[in-house]
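K.L.:
missing the sequence, but the structure's below:
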């Protein structure tokens, strides 16, 4: 057999399947410098996290891009509605009641002679405010209670389970009719408080189940064996890995809370005049649907687009954060 000599210009690299292949030194160095590959590694060969993978998938998802742009537009006009609507939503002229589109008034007028376009633009503020604030309140309260119950278990877990069963038994619309009918405030805070009161059990169960699953992992048990405190286990090891399902459900629920506010305002127990809300406009335009359908269609269309945008955003986030869908 001929004698083999070691060639310093060649390197041996594993194929990852039990064999080897010859690589030049330059080729081997090039492979080491690749910032990221399909095997889930990031810069310098470090493994990518769930959040970096999710963000990479979201940037490539057209559903996320479209819904995010719509939501960004809604947030901008909620904060500064005067950018695209120069009039006042409370300025009405009965002489123009139920009239159609005119110069400077593209959506026409409602039954009270108010500009439908201006009221539709200003109505986004109440809906977005209720949706965002209610979602934050539900997510914080539900996540904290559910995480504590799932982590400690025992009596606290049993009490929370029975309490959530009680709240799940309350019909949402009927509960709103009973609780909000005795409140005379014209602000959005009673509606937000009601949604938080009846919405936290859903997020609580999601958080509880996620914490129970994560705390059984080996790295949590290893940290506990090394003497990590309960607060450190929860904040450093469990919460970052259990929060993904809560974010997904909360994002989808945001659109539901916006439609719930519109429903309660339509029934007369949510926001009340002189507040500007899509639900109020839909309710006031319903009796004139034959003579002035535009007064009903425009706020209804804005409400439908807003709810659809948040639901589409939630679906995109769910697809990005769920490893089973990869």
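P.N.:
Everything's here; your move. Just so it is clear, the structure is predicted and the values come from calculations on it, not from any experiment.

K.L.:
ok, residue 117 - contacts?
P.N.:
With contact set as C-beta atoms under 8 Å, 6 or more residues apart in numbering, residue 117 has these partners: 85, 105-107, 298. The C-beta positions use only the backbone N, C-alpha and C, and glycine is treated the same way.

K.L.:
among these, name the buried ones.
P.N.:
Taking 16 or more other C-beta atoms under 10 Å as the criterion, what is buried in the contacts of residue 117 is 85, 105, 107, 298.

K.L.:
circling back: now render the contacts of residue 117 as CSV, adding distance to residue 160 and secondary structure.
P.N.:
Compiled in CSV, the contacts of residue 117 are given as follows (distance: C-beta to C-beta, whole Å; DSSP: H, G, I helix; E, B strand; the rest coil):
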residue, distance to residue 160, secondary structure
85, 46, coil
105, 53, strand
106, 51, coil
107, 48, coil
298, 44, helix
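
K.L.:
looking at those residues, which is nearest residue 163?
P.N.:
Of all the contacts of residue 117, residue 298 has the smallest distance to residue 163: 41.9 Å, by C-beta to C-beta.

K.L.:
distance of the closest residue to residue 121 other than its chain neighbours from residue 129?
P.N.:
Spatially, and ignoring its direct neighbours in sequence, residue 121 is nearest to residue 85 (4.0 Å; C-beta to C-beta, 6 or more residues apart in numbering). Noted for residue 85: a distance of 17 Å to residue 129, by C-beta to C-beta, to the nearest Å.

K.L.:
would you agree residue 317 is in contact with residue 248?
P.N.:
Yes. Judged on C-beta atoms under 8 Å, residue 317 makes contact with residue 248 at a distance of 5.5 Å.

K.L.:
so these two - more neighbours on which side?
P.N.:
When residue 317 and residue 248 are compared on other C-beta atoms under 10 Å, the one with more neighbours turns out to be residue 317, at 23 against 20.

K.L.:
number of nearby residues for residue 235?
P.N.:
Around residue 235 sit 11 other residues, with neighbours defined as other C-beta under 10 Å.

K.L.:
residues touching it, list them.
P.N.:
The neighbourhood of residue 235, defined by C-beta under 8 Å, 6+ apart, contains no residues.

K.L.:
can you pull out the strands in the protein?
P.N.:
Listed in chain order, the strands found in the chain under DSSP state E are 10-14, 20-24.

K.L.:
what residues of stretch 213-231 count as buried?
P.N.:
Of all the residues in stretch 213-231, those buried under the rule 16+ other C-beta under 10 Å are 214-215, 220, 223.

K.L.:
in helices, which of those fall?
P.N.:
The members of the buried residues of stretch 213-231 that map onto helices under DSSP state H are 214, 220, 223.

K.L.:
wait, the first one sits on residue 241?
P.N.:
What that stands for is residue 214. Yes. Between residue 214 and residue 241 there is a contact at 4.9 Å, judged by C-beta under 8 Å.

K.L.:
ok, now how distant is the spatially most central residue of the chain from residue 124?
P.N.:
The centroid of the chain falls nearest to residue 251 when counting by C-alpha atoms, centre = their mean (1.7 Å). To residue 124, residue 251 is 18 Å away according to C-beta to C-beta.

K.L.:
below-threshold pLDDT in the stretch 1-150 of the chain: ranges please.
P.N.:
Low-confidence regions of the stretch 1-150 of the chain, defined here as pLDDT under 70, cover residues 1-50.

K.L.:
which stretches of it form helices?
P.N.:
With DSSP state H, counting those that start in this stretch as the criterion, the stretch 1-150 of the chain has helices at 25-32, 50-59, 62-79, 116-152.

K.L.:
per-residue confidence at the residue nearest to residue 173 when sequence neighbours are not counted?
P.N.:
Nearest residue to residue 173 in three dimensions, chain neighbours excluded: residue 263, at 6.6 Å (C-beta to C-beta, 6+ apart). According to the predicted model, the pLDDT of residue 263 comes to 93.
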